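Undergrad: structure for this input, please:
(2 chains)
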Amino acid sequence: SAVISQKPSRDICQRGTSLTIQCQVDSQVTMMFWYRQQPGQSLTLIATANQGSEATYESGFVIDKFPISRPNLTFSTLTVSNMSPEDSSIYLCSVESGRAYEQYFGPGTRLTVT
Amino acid sequence: GENVEQHPSTLSVQEGDSAVIKCTYSDSASNYFPWYKQELGKRPQLIIDIRSNVGEKKDQRIAVTLNKTAKHFSLHITETQPEDSAVYFCAAIVLGYALNFGKGTSLLVTP
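TA: Purely as a prediction, here's the structure:
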């Protein structure tokens, strides 16, 4: 499976600011996704990051709050904008790698908003 | 959209016993069912999966079964060990590549 890295691994941010999270893969992948995992909870898909076009967002997530870039087949960013304490979560990217539908996760970014 | 229900939410077993986690899904078009293991502070790891054209799959001590008619699938762990302690998530895919996750099962294996 692909090797996936994320930056930063963790951050503490002030309310009202924005944070950009990077996801880097060591091989070209078609499908790339962003998930949120709130403390003690399951994983919720934020959006599918599409290369060369706008991301596809899930219900409850909007581009103004979570803008996503996907400039090539190995890299994507997720920005969490105008943060509030409710945005405190782990943000994970995942990629489809190997057989169809198999998804592998990056190490995650632990975000705390004060 | 797809709704995945997972039970139980917590499970405690003695080392060497078996553990079974069950999931149901709502959309009959779902065709891929992975299981992830997440240890504390770590990323979810894909441990086994099953596709809709298969009824059962086994990998050493873990196995997954799928009943398409009843729309449920299960994870079976035999001869449990303390290192099996983790949160396990089931998921289902429908309409392409969006994984819909269950709420997770916290498994504790006591020596």
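Undergrad: going forward, measure contacts between C-alpha atoms and count neighbours the same way
TA: Fine.
Undergrad: contacting residues for the residue nearest the centre of chain A?
TA: A centroid search over chain A (Cα atoms, centre = their mean) returns A:Trp34, at 3.4 Å, as the residue closest to the centre. Going by Cα atoms under 8 Å, 6 or more residues apart in numbering or on different chains, A:Trp34 touches A:45-49, A:78, A:91-94.
Undergrad: over to B:Leu46?
TA: A:103-104, B:34-37.
Undergrad: I'd assumed A:Ile46 was in contact with A:Glu58.
TA: Yes: contact criterion Cα atoms under 8 Å: A:Glu58 and A:Ile46 qualify, at 5.6 Å.
Undergrad: and these two? Which one has more around it.
TA: A:Ile46 (25 against 13; other Cα atoms under 10 Å in any protein chain shown).
Undergrad: gap between the more buried one and B:Ile47?
TA: For A:Ile46, the distance to B:Ile47 equals 23 Å [Cα to Cα, to the nearest Å].
Undergrad: sorry, back to before: report the buried members of the contacts of B:Leu46.
TA: A:103-104, B:34-37 (16 or more other Cα atoms under 10 Å in any protein chain shown).
Undergrad: return the subset of these lying in strands.
TA: A:103-104, B:34-37 (DSSP state E).
Undergrad: what's the lowest-mean-pLDDT helix or strand in chain B packed up against?
TA: Ranked by mean pLDDT, DSSP states H and E, the weakest helix or strand in chain B is strand B:98-101, scoring a mean of 90. Counting contacts by 3 or more Cα pairs under 8 Å, 6 or more residues apart in numbering or on different chains; DSSP states H and E, strand B:98-101 is packed against strand A:43-49, strand B:86-94.
Undergrad: nearest to B:Glu83, of the contacts of A:Trp34?
TA: B:Glu83 lies nearest to A:Leu92 out of these, by Cα to Cα, at 23.6 Å.
Undergrad: that closest one pairs with what?
TA: A:Tyr35 (DSSP bridges).
Undergrad: ok, it - how many residues close by?
TA: When neighbours are defined as other Cα under 10 Å, A:Leu92 has 28 of them.
Undergrad: dump the residue contacts of it.
TA: Each residue near A:Leu92 by Cα under 8 Å, 6+ apart is listed here: A:34-37, A:105-109.
Undergrad: top of those residues by neighbour count?
TA: Neighbours here mean other Cα under 10 Å. Within the contacts of A:Leu92, the largest count is held by A:Gly108, at 29 neighbours.
Undergrad: that residue is in contact with A:Gln6, isn't it?
TA: Yes: at 6.4 Å, A:Gly108 and A:Gln6 qualify as touching, with contact defined as Cα under 8 Å.
Undergrad: quick one: name the residues of chain A near chain B.
TA: For chain A, the contact set with chain B under Cα under 8 Å from any Cα of the partner chain comprises A:41-45, A:101-108.
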